[in-house]
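# turn this into a structure:
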Amino acid sequence: MENALEITGHRPFPLPDRPWVMEQIWNDVLFAHWPVPAEIMEKHIPSQLTLDTFKGEAWIGIVPFWISRMRVRGLPPIPMMKTMNELNVRTYVEFGGKKGVYFFSLDADNILAVTGARMLYFLPYMNANMKVDKAEGFINYESRRNNENKRSGQFKAQYKVASSPFNSKAGSLDEWLTERYCLWVTKGEEVFRGDIHHTKWQLHEASCLIYENTMASFLPDKYFTNEPILHYTPQKHAYFWPLTRVTS
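Below you'll find the model as predicted:
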């Protein structure tokens, strides 16, 4: 198998010139996206960042998956941290000409990973009770955030692959929603970039039944009444770099 770090032609900007620090293998990844008017989404991102839109429209993404391998560079997988379930809520932003992901929340069921990511990456990780299983070709995914606000942080869905694999076309919405190679985070007035690398997504169409979804309760419910755009991939090997401060 080719080394993913040697496959870089699909990236919009070069790999960082310093070593990666963590690798993960993501499994049964579902991308569920809904359009949101840009003027609504702009109210919910930090003022230092610029909202990225596709043909003038912003998008909210909910991305459930599970991690089968999580390892710090130079160390073997730590038994208590090598696997976990994760559920992300995200939109798309840019800073300094680099387009990336902005996370509203990242729910996970590994308290050590949650604590470490909040400290090292300033990301809004939340601890949740999560359950993932497979039956008759379906992935059953359930997450309930450990908080007292029952209005937010709940997700329950069943999804499966619904097409042969395909690669997104250049300039398409499929590509715009999935091919992102950094995350942006703010702390106070400062802006940080976290670089990410993986090979280009090989996508499938997906079918999905969402039974409960209050993961983005900061947006009106009406934006989730239409069917989402769905993509699925069975597995992806990803590498992470430490945060880089781009403002001071």
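# all strands for the chain, in order.
Secondary structure of the chain (DSSP state E): strands at 22-37, 50-51, 57-72, 84-95, 98-108, 125-135, 138-145, 154-161, 166-167, 182-187, 190-197, 202-213, 229-240, 244-245.
# quick one, phi psi at residue 169?
phi -80, psi 150 (degrees, to the nearest 10).
# was I right about it contacting residue 178?
No: at 11.9 Å, residue 169 and residue 178 do not qualify as touching, with contact defined as Cβ atoms under 8 Å. (C-beta placed from N, C-alpha, C; glycine too.)
# right, and residue 233 touches residue 27 too?
No: the criterion here is Cβ under 8 Å, and residue 233 misses it with residue 27 at 9.1 Å.
# which residue sits closest to residue 205, ignoring its sequence neighbours?
residue 163 (3.7 Å; Cβ to Cβ, 6 or more residues apart in numbering).
# what number of residues lie near the one you found?
Using other Cβ atoms under 10 Å, residue 163 has 12 neighbouring residues.
# against residue 36, how distant is it?
Using Cβ to Cβ, to the nearest Å, one obtains 26 Å as the distance from residue 163 to residue 36.
# quick one: contacts for residue 138?
Counting by Cβ atoms under 8 Å, 6 or more residues apart in numbering, residue 138 touches 158, 159, 160.
# ranking those residues by neighbours, who comes first?
residue 159 leads the contacts of residue 138 on contacts (other Cβ under 10 Å) with 20 neighbours.
# thought that one was touching residue 211?
No: Residue 159 is beyond contact range of residue 211, at 11.2 Å (criterion: Cβ under 8 Å).
# would TSV of the strands of the chain with mean pLDDT and distance to residue 7 be doable?
Formatted as TSV, the strands of the chain follow (pLDDT from 0 to 100; distance: least, Cβ to Cβ, whole Å):
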stretch	mean pLDDT	distance to residue 7
strand 22-37	97	15
strand 50-51	98	29
strand 57-72	95	19
strand 84-95	97	23
strand 98-108	97	19
strand 125-135	96	29
strand 138-145	97	27
strand 154-161	97	23
strand 166-167	97	13
strand 182-187	97	17
strand 190-197	98	9
strand 202-213	98	12
strand 229-240	97	11
strand 244-245	97	22
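# highest mean neighbour count out of those strands?
strand 84-95 (a mean of 22; mean count of other Cβ atoms under 10 Å).
# export that strand as PDB, just CAs?
Presented in PDB, the C-alpha positions along strand 84-95 are these (Å, rounded to 0.1, in the frame of the first residue of the first chain):
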ATOM      1  CA  MET A  84     -13.300   5.900  20.400                       C
ATOM      2  CA  ASN A  85     -16.500   7.100  18.700                       C
ATOM      3  CA  GLU A  86     -16.700  10.700  17.500                       C
ATOM      4  CA  LEU A  87     -19.400  13.000  16.200                       C
ATOM      5  CA  ASN A  88     -18.600  16.400  14.700                       C
ATOM      6  CA  VAL A  89     -20.600  19.500  13.900                       C
ATOM      7  CA  ARG A  90     -18.900  21.800  11.400                       C
ATOM      8  CA  THR A  91     -19.000  24.500   8.800                       C
ATOM      9  CA  TYR A  92     -16.300  25.900   6.400                       C
ATOM     10  CA  VAL A  93     -14.200  29.000   6.800                       C
ATOM     11  CA  GLU A  94     -11.000  30.500   5.500                       C
ATOM     12  CA  PHE A  95      -8.100  32.600   6.800                       C
END
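# which strands and helices sit next to that strand?
The contact analysis (3 or more Cβ pairs under 8 Å, 6 or more residues apart in numbering; DSSP states H and E) places strand 84-95 against strand 50-51, strand 57-72, strand 98-108, strand 125-135, strand 138-145, strand 182-187.
# for the fifth one, C-alpha coordinates in PDB please.
When you say that, I think you mean strand 138-145. Output in PDB follows, covering the C-alpha atoms of strand 138-145 (Å, rounded to 0.1, in the frame of the first residue of the first chain):
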ATOM      1  CA  PHE A 138     -26.600  -0.700   8.400                       C
ATOM      2  CA  ILE A 139     -24.500   1.400  10.800                       C
ATOM      3  CA  ASN A 140     -26.600   2.300  13.900                       C
ATOM      4  CA  TYR A 141     -25.200   5.400  15.500                       C
ATOM      5  CA  GLU A 142     -26.400   7.000  18.800                       C
ATOM      6  CA  SER A 143     -24.900   9.800  20.800                       C
ATOM      7  CA  ARG A 144     -26.100  11.600  23.900                       C
ATOM      8  CA  ARG A 145     -24.000  14.400  25.300                       C
END
